[in-house]
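K.L.:
I need the structure of the sequence given here:
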Amino acid sequence: MPHIGLGPIPATASAGLPATDGRKARVLVVDDEPALLNVLALLIRRSGCEVLTARDAAEAWTCVEREGEGLDGMFTDVFMPGEIDGVALAAKVHNARPSLPVVLVTGWPEKLDSNTRKVHAVLDKPFNAQRLATALATVLKPAVKP
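P.N.:
Below is the predicted model:
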């Protein structure tokens, strides 16, 4: 699993990522903090993706079920209130849609354990737009036309 932390950013991080059928890639963003949810959604939209948002794992799961194969990726905060956190949400999504790339977004990467094997990458907070673009390019690569 790639760990997108404080290392150098590749110059090839791409924007405007299309899905394989020519439409914009659709990304679900999950965070219980409205300010962080809005900033992350805005940055992903600026990369050329369509963004859906959820404020907790339950709302995210409803979106995953409703959208089905129409989702191309998911970014989720790790520590959220409710019955399940971001790691458990990632595992649940992986069981239902193993091909859906999931990125955990966290300010506490040292608190993650082996349960994170169900995710495609970890994005450390704080991050900048370039690091986010790298994460998008990494996880959406299978959805992008060659």
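
K.L.:
where does this structure dip in pLDDT?
P.N.:
Across the chain, the ranges flagged by pLDDT under 70 are 1-22, 108-118, 141-146.

K.L.:
show me where it has its helices.
P.N.:
Applying DSSP state H to the chain gives helices spanning 34-46, 57-67, 86-96, 129-140.

K.L.:
dump the ones you listed to a markdown table, plus mean neighbour count and distance to V103.
P.N.:
Just so you know, the C-beta spots here come from the backbone N, C-alpha and C atoms, and that holds for glycine as well. Below are the helices of the chain laid out as a markdown table (neighbours: other C-beta atoms under 10 Å; distance: least, C-beta to C-beta, whole Å):
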| stretch | mean neighbour count | distance to V103 |
| --- | --- | --- |
| helix 34-46 | 16 | 10 |
| helix 57-67 | 17 | 13 |
| helix 86-96 | 20 | 9 |
| helix 129-140 | 21 | 5 |
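
K.L.:
who wins for proximity to A25 among the ones you listed?
P.N.:
The minimum distance between A25 and the helices of the chain falls on helix 129-140, with 5.2 Å, by C-beta to C-beta.

K.L.:
only C-alpha atoms, please: export that closest one in CSV.
P.N.:
Only the C-alpha atoms of helix 129-140 are listed here, as CSV (Å, rounded to 0.1, in the frame of the first residue of the first chain):
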residue,chain,number,x,y,z
ALA,A,129,-2.8,19.9,-3.5
GLN,A,130,0.2,18.2,-5.2
ARG,A,131,0.2,15.4,-2.7
LEU,A,132,-3.5,15.0,-3.2
ALA,A,133,-3.0,14.9,-6.9
THR,A,134,-0.4,12.2,-6.5
ALA,A,135,-2.9,10.1,-4.4
LEU,A,136,-5.6,10.6,-7.0
ALA,A,137,-3.3,9.5,-9.8
THR,A,138,-2.1,6.5,-7.8
VAL,A,139,-5.5,5.1,-6.9
LEU,A,140,-7.4,6.1,-10.0
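
K.L.:
from the contact counts, what lies against that helix?
P.N.:
In terms of contact count using 3 or more C-beta pairs under 8 Å, 6 or more residues apart in numbering; DSSP states H and E, helix 129-140 is assigned the packing partners strand 3-4, helix 34-46, strand 73-77, strand 102-106, strand 121-124.
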